[in-house]
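Novice: Take this sequence and fold it.
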Amino acid sequence: MNKKLIRRAGAVLGAAALVATMSACSTKADGGSAEAGDVLTGAGISGDTITLGLLGDLTGPFAALTTEMNNGSILYWNEANAAGGVCGTYQVAFDTKDHGYNVQNSVSMYNQMTPNVLAYQALVGGSQTAAVLDQAEADHRLIVPSSATEHLAQSDVILTPAMLYNLDAELVLEYMLEQGTIAEGDTIGMVYLEGDYGESAHVGVQAFAERHDITLVDSLVKPTDSDMTSAVNNAVSQGATAFFIASVPAHTSSVATVLEAAGEDVAMAGSWPSYTASLMNNTGGQYLQDHFTAGSMATTFDLPAGEPIITAYEAEFGSTPETNQVPMGYGTAAMMHQILDRACELGDLTPEGVVAAKNDLGTLTSDGVMPDMDYTELGKSPTVEEFIIKLDSEAPGGIASREDGPYSNPAVTND
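Specialist: From the prediction side, this is the model:
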């Protein structure tokens, strides 16, 4: 294990000095009662092991993103466990399942996993998370969804890990407007995925279009669709000077392929789940390098906060990351650690206690890996800034920041 990273992890561990002050942590696994000074525990804790859930898409359209996000969280917790774990007592382990981006699978797997997990370090998919939300609230299970919709953000059991999708779309487009890549009065094409993710981003693109007299030519697509030729040709025929993608990475690749084959010189933009660095290996890969801009809720590996993560990741997993999800998984794990340490400090590591600790902390940090996240007001985006990226085959991991840190724009707010 990288000693520099272990020392760094210790600095990220949330509420300062909790490990030192919580040496009296006990392991009452029945959760029924605890003596004075002990920590109450329940489901998801056995002996000195806390089990967190990773429920995601390991075989469907977001498989690459899910795999690397999970690995980022595993990397963080391996380091944190080596540095003493949660409140100096508990080691974190995972229960991992694959729903294949199927809503019904997510419901059945959630029901299987929940009796044995304290919280969900990740649950991939807005629709998948929404399908279990009522039960999660009844179960008091904190969930970090790989999703950022307003509906989910309204629940106190949700730790939204990013700007809401609508604000993400607005911010990326405002950046492109500021840079002169698009202009007032332009026509923009949009490809967006059916369901909570794409439709939320669509709201943001519509808001940007209204603000800047933009004509929007949009196409609603399904995860199973493969060829974006019709959507691209429709928008180009109406004079589109840019495309915004709020869909799976394969659709981003298809849009680039169609534009390149047609000899078009059209800007492309996307939301944070819409790309991976491996798209540069496909037909249209060079077009993406030349034309694509997107948001990222976590640092890229060419910035100081990302450099040690990629070094440790390559040592741990023997491969180079290809998505922005590794630092996102790492950063959300750092935030989960703060919550668990706070719950321990408050004497209640039951599922209910973990949710209460999240609400008690309000603002969570990840040492620059992600923007600070403010959870004090339900339904609001936890941040209004993010990293702006490009695909770059010369950059570490194939993704580079266009700015020196997170970007914000006064046009994009929580109001």
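
Novice: In stretch 380-400, which residues are buried?
Specialist: For stretch 380-400, a neighbour-count test (16 or more other Cβ atoms under 10 Å) marks 380-392, 395-400 as buried. Every residue, glycine included, has its C-beta placed from N, CA and C.

Novice: So what's the gap between that stretch and the chain middle?
Specialist: Distance, stretch centre to chain centre, for stretch 380-400: 12 Å (Cα atoms, centre = their mean, to the nearest Å).

Novice: Give me the phi and psi for residue 141.
Specialist: Main-chain dihedrals, residue 141, degrees, to the nearest 10: phi -100, psi 120.

Novice: Identify the residue spatially nearest to it, adjacent ones excluded.
Specialist: Closest residue in space to residue 141, ignoring its immediate chain neighbours: residue 351 at 5.5 Å, by Cβ to Cβ, 6 or more residues apart in numbering.

Novice: Count the residues that sit near the one you found.
Specialist: A count of neighbours around residue 351, defined by other Cβ atoms under 10 Å, yields 25.

Novice: Among the buried residues of stretch 380-400, name the ones in strands.
Specialist: 387, 388, 389, 390, 391, 399, 400 (DSSP state E).

Novice: Am I right that the fifth one is in contact with residue 291?
Specialist: Read it as residue 391. No. Counting by Cβ atoms under 8 Å, residue 391 stays clear of residue 291, with 9.4 Å between them.

Novice: who are the neighbours in contact with the spatially closest residue to residue 297 that is not a sequence neighbour?
Specialist: In space, not counting the residues next to it along the chain, residue 297 is nearest to residue 162; the distance is 3.9 Å by Cβ to Cβ, 6+ apart. Taking Cβ atoms under 8 Å, 6 or more residues apart in numbering, we find residue 162 in contact with 148, 168, 272, 297, 328, 382, 383, 386.

Novice: Dig out what the residue lying closest to residue 202 once chain neighbours are set aside forms beta bridges with.
Specialist: Computed as Cβ to Cβ, 6+ apart, the closest residue to residue 202 that is not its neighbour in sequence is residue 192, at 4.8 Å. Under DSSP bridges, the beta-bridge partners of residue 192 are residue 220, residue 246.

Novice: Give me the distance between residue 192 and residue 314.
Specialist: 34 Å (Cβ to Cβ, to the nearest Å).

Novice: next one: residue 170
Specialist: Distance from residue 170 to residue 314, counting by Cβ to Cβ: 35 Å.

Novice: now do residue 213
Specialist: Distance from residue 213 to residue 314, by Cβ to Cβ: 47 Å.

Novice: So between those two, which is more surrounded?
Specialist: residue 314 (14 against 10).

Novice: List the residues that contact the more buried one.
Specialist: By Cβ under 8 Å, 6+ apart, residue 314 lies in contact with residue 320.

Novice: so which helix or strand takes in residue 129?
Specialist: Element membership for residue 129 (DSSP states H and E) is helix 126-139.

Novice: Could the C-alpha coordinates of that helix be exported in CSV?
Specialist: What follows is helix 126-139 as a C-alpha-only set of coordinates in CSV (Å, rounded to 0.1, in the frame of the first residue of the first chain):
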residue,chain,number,x,y,z
GLY,A,126,-31.6,7.1,-11.0
SER,A,127,-34.6,4.9,-11.8
GLN,A,128,-33.1,2.0,-9.9
THR,A,129,-32.6,4.1,-6.8
ALA,A,130,-36.0,5.7,-7.1
ALA,A,131,-37.6,2.2,-7.2
VAL,A,132,-36.2,1.3,-3.8
LEU,A,133,-36.4,4.8,-2.2
ASP,A,134,-39.6,4.3,-0.2
GLN,A,135,-38.3,1.1,1.2
ALA,A,136,-34.9,2.6,1.9
GLU,A,137,-36.6,5.4,3.9
ALA,A,138,-38.5,2.7,5.9
ASP,A,139,-35.3,0.8,6.4
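
Novice: Report all helices and strands that it contacts.
Specialist: Counting contacts by 3 or more Cβ pairs under 8 Å, 6 or more residues apart in numbering; DSSP states H and E, helix 126-139 packs against helix 103-113, strand 119-124, strand 143-146, helix 150-153, helix 196-211.
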